[in-house]
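Novice: return a 3D structure for these sequence lines:
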Amino acid sequence: MSAETIILVLLIATALAFDFTNGFHDTGNAMATSIATGALKPKTAVLLAGVLNLVGAFLSVEVAVTVTTSVLKIQDGKTGHLLPTITASTGLTIIFAGLIGGILWNLLTWLFGIPSSSSHALFGGLIGSGLAAAGMAGVNWPGVISKVLIPAVASPFIAGLVAAAGTWLVYRITRSVAKKRREDGFRWGQITTASLVALAHGTGDAQKTMGVIALALITTGHLTGDVKKNGLPFWIILSCALAIGLGTYIGGWRVIRTLGKGLVEIESPQGFAAEASSAVVILSSSAAGMALSTTQVATGSILGSGVGKPGATVRWRVAGRMAVAWLITLPAAALVGAIAFWISHFVAGATTQLVGDGLIFLILVGLSGYMYWRAQQQKVDSSNVNADWDDTTNSVVPAAVREERLEAPKAEV
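Specialist: Below is the predicted model of the structure:
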């Protein structure tokens with residue numbers, strides 16, 4: 001087996017690992033409000049979301065096409081051949097380093113319970129590694145602006161406005177209905193709308209990883225032709241569907257908690273309106289090939305549901321912290337992607353490309369393991385995801401868990 005083939009296999013495994021982190025990081029997009037209102041039990045919600053993410057991955061390839069053509073510029077647009085300055089091994093390292101940027105940012109924001117964009121983490125990592133390898137010419141700026149940046153700015157506001165209007169309308173129409181009856185009725189509706197969001201998430205986000213794997217195969221000459229016209233090999237679709245479905249089933253409880261309890265004390269009519277708004281925006285954008293962030297859409301919808309409900313309290317400090325994360329996601333992931341490329345390139349210059357890429361892979365494994373270990377020290381899971389939010393700290397970790405951790409050293413003494 002050649003060094004290039006080993007790197008390609010390692011890259012595909014890393015891409016599927018990103019897909020897995022995308023799944024558990026974004027579970028809350030579909031299920032946070034249903035869990036918070038009691039429409040679905042936590043473990044039932046993540047199982048349903050996992051199955052529907054898997055199904056959604058088979059429904060379209062439009063977003064995958066966007067990833068292969070609209071982010072990096074390592075091929076000639078007319079001939080489909082690699083640019084003269086980009087070899088196949090360099091192209092693989094660019095993609096590899098970009099994935100590392102995306103995974104590490106996903107894990108860091110998950111650790112702190114921040115619902116940042118997995119999509120923008122991936123695109124940021126790819127853009128950063130592309131800049132490190134080929135400068136400004138390594139990025140398809142028109143594609144990034146039209147397919148990534150413009151949807152990133154517009155989508156949360158659109159989703160928020162739709163959710164605010166929908167929430168106001170729901171409460172207006174049902175103002176004469178008893179609160180308990182209204183709550184019970186909309187809890188059933190939430191099961192449908194949450195399912196639509198989970199299906200939409202699979203349709204959009206699983207394709208991003210499909211596009212990355214396809215781009216790697218095109219770079220090495222293992223895949224040729226028009227992806228939009230000819231589709232993708234079935235094994236790519238199946239493996240990405242399974243990875244995002246499994247990740248979603250694992251449940252990113254820290255992010256679910258922030259979305260369900262940290263932004264708004266949500267009721268079922270609000271949850272219904274927020275989920276319906278998210279599903280409409282995500283499905284319509286996926287059909288158009290726009291690689292928008294389902295996290296930003298879902299967050300905008302939840303905030304909109306708080307604005308639209310008379311007398312609702314929105315925790316703007318938590319929202320502000322999330323907005324800062326949104327702003328720095330792409331550049332932060334880009335920086336990590338660039339550093340990963342430079343490390344591999346420097347080491348490869350003294351040894352081989354396989355050693356360089358192997359080193360950044362080991363760094364990824366080490367940092368990922370450390371962040372997972374940190375999360376286990378103050379664990380958020382299905383048993384405490386709905387605990388009351390502590391407004392004094394705005395920490396994603398429930399107060400009881402923090403206090404238990406603080407008492408542990410005293411007990412040992």
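Novice: next up, the contacts around the spatially most central residue of the chain.
Specialist: Nearest to the geometric centre of the chain sits Ser118, at 2.7 Å (CA atoms, centre = their mean). Shown in contact with Ser118 (CB atoms under 8 Å, 6 or more residues apart in numbering): Thr21, Asn22, His25, Asp26, Gly102, Asn106, Asp205, Ser293, Thr295. Just so you know, the C-beta spots here come from the backbone N, C-alpha and C atoms, and that holds for glycine as well.
Novice: rerun that using 7 Å as the cut-off
Specialist: Residues counted as contacts of Ser118 (CB atoms under 7 Å, 6 or more residues apart in numbering) are Asn22, His25, Asp26, Asn106, Asp205, Thr295.
Novice: who wins for neighbours among the residues you listed?
Specialist: The residue in the contacts of Ser118 with the most neighbours, by other CB atoms under 10 Å, is Asp26 (35 neighbours).
Novice: from Ala133, how far off is it?
Specialist: 28 Å (CB to CB, to the nearest Å).
Novice: low pLDDT regions in the stretch 301-413 of the chain?
Specialist: Residues of the stretch 301-413 of the chain meeting the criterion pLDDT under 70: 406-413.
Novice: if you set the cut-off to 90 instead, what comes out?
Specialist: Along the stretch 301-413 of the chain, the parts satisfying pLDDT under 90 run over 306-307, 309-323, 325-327, 390-395, 399-413.
Novice: and the two most separated of the contacts of Ser118?
Specialist: With distances taken as CB to CB, the most widely separated pair in those is Asn106 and Asp205, at 11.5 Å.
Novice: got any residues that touch both of those two?
Specialist: Residues touching both Asn106 and Asp205 (CB under 7 Å, 6+ apart) are Asn22, Ser118.
Novice: of the contacts of Ser118, which belong to helices?
Specialist: Residues of the contacts of Ser118 located in helices (DSSP state H): Asn22, His25, Asn106, Asp205, Thr295.
Novice: isn't the fourth one up against Ser293?
Specialist: Spelled out, that is Asp205. No: using CB atoms under 7 Å, Asp205 makes no contact with Ser293, being 9.1 Å away.
Novice: distance of Asp211 from Gly308?
Specialist: To be clear, residue 211 is Gly; Asp isn't right here. On the measure of CB to CB, Gly211 and Gly308 end up 35 Å apart.
Novice: these two: which has the busier surroundings?
Specialist: For Gly211 and Gly308, the more surrounded residue by other CB under 10 Å is Gly211, and the numbers stand at 28 against 25.
Novice: doesn't the more buried one lie inside a helix?
Specialist: Yes: looking at Gly211 with DSSP: H, G, I helix; E, B strand; the rest coil, it is inside a helix.
Novice: now do the same contact list for it.
Specialist: Neighbouring residues of Gly211 by CB under 7 Å, 6+ apart: Val63, Ala64, Val65, Thr66, Val67, Thr68.
Novice: now the fifth one. Nearest residue, chain neighbours left out?
Specialist: On the basis of CB to CB, 6 or more residues apart in numbering, the spatially nearest residue to Val67 that is not a chain neighbour turns out to be Gly211, at 2.6 Å.
Novice: from the chain's centroid, how far away is the helix or strand hosting Val307?
Specialist: Assigned by DSSP states H and E, Val307 belongs to helix 294-308. Put simply, helix 294-308 sits 16 Å off its chain's centre (CA atoms, centre = their mean, to the nearest Å).
Novice: list the buried ones in the next helix-or-strand element following that helix?
Specialist: Later in the chain than helix 294-308, the nearest helix or strand by DSSP H and E is helix 316-350. Applying a neighbour-count criterion of 16 or more other CB atoms under 10 Å, one finds 318-319, 321-322, 325-326, 329-330, 332-345, 347-348 buried in helix 316-350.
Novice: how far does helix 316-350 sit from the chain's center?
Specialist: 15 Å.
Novice: check stretch 21-37 too.
Specialist: What separates the centre of stretch 21-37 from the centre of its chain is 11 Å, taken as CA atoms, centre = their mean.
Novice: could I get the average pLDDT for that stretch?
Specialist: Averaged across stretch 21-37, the pLDDT comes to 89.
Novice: and stretch 215-235, what's buried?
Specialist: So for stretch 215-235, counting by 16+ other CB under 10 Å, buried means Leu215, Ala216, Leu217, Ile218, Thr219, Thr220, Leu223, Val227, Leu232.
Novice: can you list those residues in JSON lines and add distance to Ser155 and pLDDT?
Specialist: As requested, these are arranged in JSON lines below (distance: CB to CB, whole Å; pLDDT from 0 to 100):
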{"residue": "Leu215", "distance to Ser155": "24", "pLDDT": "89"}
{"residue": "Ala216", "distance to Ser155": "28", "pLDDT": "91"}
{"residue": "Leu217", "distance to Ser155": "30", "pLDDT": "90"}
{"residue": "Ile218", "distance to Ser155": "28", "pLDDT": "86"}
{"residue": "Thr219", "distance to Ser155": "30", "pLDDT": "86"}
{"residue": "Thr220", "distance to Ser155": "34", "pLDDT": "87"}
{"residue": "Leu223", "distance to Ser155": "30", "pLDDT": "84"}
{"residue": "Val227", "distance to Ser155": "24", "pLDDT": "71"}
{"residue": "Leu232", "distance to Ser155": "25", "pLDDT": "87"}
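Novice: neighbours of Val55, how many?
Specialist: Residues contacting Val55 under the criterion other CB under 10 Å number 15.
Novice: check contacts around it.
Specialist: By CB under 7 Å, 6+ apart, the contact set of Val55 is Leu199, Gly202.
Novice: please apply the same query to Val144.
Specialist: Ser70, Val71, Ile127.
Novice: chain neighbours aside, what residue packs nearest to Leu283?
Specialist: Ala200 (4.7 Å).
Novice: got the contact list for the one you found?
Specialist: By CB under 7 Å, 6+ apart, Ala200 lies in contact with Gly56, Ala279, Ile282, Leu283, Ser286.
Novice: thought Met31 was touching Val46, still the case?
Specialist: Yes: counting by CB under 7 Å, Met31 is a contact partner of Val46 at 6.5 Å.
Novice: and the two? which has more neighbours close in?
Specialist: Met31 (33 against 27).
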